[in-house]
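Asks: sharing a model prediction with you, sequence too.
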Amino acid sequence: MYAAGNNPKLTPLVAEIIAAPHVVPGSDGKRHIVYEVAVTNVTGGDARFERLAVIDADSGAKLAELGPDELASRVTPGASRGNETRELTAYQFAVIFMHVALAEEAAVPARITHEVTAHFAVIGAEMTLTLGEATVVATAPVILGPPLRGNGYVAADGCCDSIRHVRALLSLDGKFHLAQRFAIDWEQLDDKNTLVVGDLKVPANYHIYGNPILAVADGTVVGTRNDLQDQVPGALPPNLPIDEADGNFVVLDIGSGLFVNYAHMRPGGVKVKLGDKVRRGDQLGEVGNTGNSQAPHLHLHVMDNASPLASDGLPYVFDRFTITAVDEAGTEDFDKAEATGSPLTLTPRSPPQQLKNVLPLDLSVVTWPQ
Ligand SMILES: [Zn+2]
């Protein structure tokens, strides 16, 4: 006997959200929701995504809509980066990497859901399904102090549509983890807008190399290592064991279930030890090129446990910083500057944007307060 109102329907797709979506205010004045939808075609024939709308589950308002081209760049079979397509074969699993930038006047939704239109070969027709409902986390992102001192810092591979961090979904111990969802790789420009001068194979020739790395909040050191040598810049090291990915690193427990990962410090560059209590602004180490790194940089992210990889990446904001320019030419331009020593193609912000309590978005050039 069914209870009244219980009227389940067979659906050709099943979906769930991998981790509870958070909202983060960005340096563009918008609020951003970044999350992943795991979806499986449970039919014995091909399914082709045509449209996906993100809906406020309470008001019914449409928050975003992805068409065929956008879906073709975000639907990732097997969560295997580089395999993006909007077509799933029979019984195939995929992850859809989502980024919703809320319109400035839009209310933050308490719950979201999705209307997905897809063509199914087994019926030779399209269907529109509602799936993937999730509660949006209401807690505001943690507010941090500066991780570095000075100016010209580029927020590389940052939020929300770059690929290397936002889509670094790893299957670890039988579960998906996206620790790096809001990670930034910080590098530094000189006054000619280059990242490196001289021999590109020498880590110390990159302007950020050796710079002091600061505690972004009061905390306790709960993870670290300091025994690895720098990689030769120019390529990621082949066959690196996964436990060396972060190179010489520090994990700081900053309370409230939040942990900060600082990776790739230079040989001997970690200045704290396990159990040390630090205050915001204290020096933790020096920037280097150890671990899975192809140019000296500070990788920084916030996560929900002490494991730099097997954790859920959480959003954060910095309490005060200035954006002087943005590399609107994109990751390709940044990669070229890193690989060749050419200057970045920057679009200045004039006057500079003085910002409070937001996340610097991808390829912003940041000055930290003194
Ligand atoms: Zn990184």
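Replies: Good, I have the coordinates. Numbers count the residues shown, from 1 in each chain.

Asks: next SSE downstream of the lengthiest strand in the chain?
Replies: Longest strand in the chain, counting residues (DSSP state E): strand 258-270. Past strand 258-270, further along toward the C-terminus, the next helix or strand under DSSP states H and E is strand 277-278.

Asks: list the helices and strands that following strand packs on?
Replies: For strand 277-278, the packing partners by 3 or more CB pairs under 8 Å, 6 or more residues apart in numbering; DSSP states H and E come out as strand 219-225. Just so you know, the C-beta spots here come from the backbone N, C-alpha and C atoms, and that holds for glycine as well.

Asks: in the strand it packs on, what's buried?
Replies: With burial defined by 16 or more other CB atoms under 10 Å, the residues of strand 219-225 counted as buried are 219-221, 223-225.

Asks: direction included, what does the longest strand of the chain pair up with?
Replies: In the sheet, strand 258-270 lines up against strand 248-255 (antiparallel), strand 283-287 (antiparallel), strand 298-303 (antiparallel) (DSSP bridges).

Asks: can I get it as CSV, trimmed to CA atoms?
Replies: The C-alpha atoms that make up strand 258-270 are tabulated as CSV, following Å, rounded to 0.1, in the frame of the first residue of the first chain:
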residue,chain,number,x,y,z
LEU,A,258,38.7,24.4,9.2
PHE,A,259,42.2,23.6,8.0
VAL,A,260,44.6,25.5,5.7
ASN,A,261,47.0,23.8,3.4
TYR,A,262,50.2,25.6,2.3
ALA,A,263,52.2,23.5,-0.3
HIS,A,264,55.5,23.4,-2.2
MET,A,265,57.8,25.2,0.2
ARG,A,266,61.5,25.2,-0.6
PRO,A,267,64.0,22.7,0.8
GLY,A,268,64.3,23.4,4.5
GLY,A,269,61.8,26.2,4.0
VAL,A,270,59.3,25.1,6.6
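
Asks: helix or strand right after whichever strand or helix holds M98?
Replies: For M98, the host element (DSSP H and E) is strand 93-102. Beyond strand 93-102 on the C-terminal side, the first helix or strand identified by DSSP H and E is strand 111-120.

Asks: what residues are bridge-paired with the residue in the chain that the ion sits nearest to?
Replies: In the chain, no residue comes nearer to the ion than H299, which is 3.4 Å away by CB to the ion. According to DSSP bridges, D185, A263 are recorded as the beta-bridge partners of H299.

Asks: returning to what we had before: buried sites along the strand holding M98?
Replies: Counting neighbours by 16+ other CB under 10 Å, the buried set in strand 93-102 is 94-102.

Asks: turn the residues you listed into JSON lines, including pLDDT.
Replies: JSON lines is the format used below for those (pLDDT from 0 to 100):
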{"residue": "A94", "pLDDT": "98"}
{"residue": "V95", "pLDDT": "98"}
{"residue": "I96", "pLDDT": "98"}
{"residue": "F97", "pLDDT": "98"}
{"residue": "M98", "pLDDT": "98"}
{"residue": "H99", "pLDDT": "98"}
{"residue": "V100", "pLDDT": "98"}
{"residue": "A101", "pLDDT": "97"}
{"residue": "L102", "pLDDT": "95"}
